[in-house]
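Chemist: Please find the sequence and the predicted model below.
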Amino acid sequence: MIFSNLRRLLLIEIAINRETLDCIQELNAVKEKYFIPKSKIIFCNKNGTILSYKNISQALRKCLGDNFCRFHIFRHTHASILAEKQIPLDTIQRRLGHEKDDITKKIYIHVTDKTREREHDIFRNMSMR
């Protein structure tokens, strides 16, 4: 997966599940159909090079409607789901490409309903004896 911003281009190799791999393979078949050059870039333009963040966001807005927030929300959702699954913070940090875990903790990991319910269960079942 490739992340880019104004300061740097960062290539991060990450593990993905079978369902995600199937989606990527379907996307690659579509790319091949339209003669888009093979590359490791998931979201690429017709030349096989990096598609800009702006273009990805515009495409998602077109598909999902004007109420779609931003493409970046998927990073936050991904981090929160990993935390909910009790993946260690340092693993989430590496997966997002953060040098320090404070960014991951403060900005990306949001408490989900499942996490909140698990916390409530711990206290409901706690004995004072």
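Modeler: Sure, I can see it. Numbers count the residues shown, from 1 in each chain.

Chemist: Report pLDDT for Lys33.
Modeler: Looking at Lys33, its pLDDT stands at 92.

Chemist: ok, now the one 5 residues further on?
Modeler: With respect to pLDDT, Lys38 has a value of 84.

Chemist: in a strand, that's where it is, yeah?
Modeler: No - looking at Lys38 with DSSP: H, G, I helix; E, B strand; the rest coil, it is coil, so not inside a strand.

Chemist: Compute the number of surrounding residues for it.
Modeler: Here the neighbour count serves as a burial measure; for Lys38 (other Cβ atoms under 10 Å) it reads 10. Bear in mind the C-beta positions are built from the backbone N, C-alpha and C, glycine included.

Chemist: Nearest residue to it in space, ignoring adjacent ones along the chain?
Modeler: The shortest distance from Lys38 to any non-neighbouring residue, by Cβ to Cβ, 6 or more residues apart in numbering, is to Gly48 (6.9 Å).

Chemist: And the one you found, how close does it get to Ala83?
Modeler: Gly48 sits 34 Å away from Ala83, taking Cβ to Cβ, to the nearest Å as the criterion.
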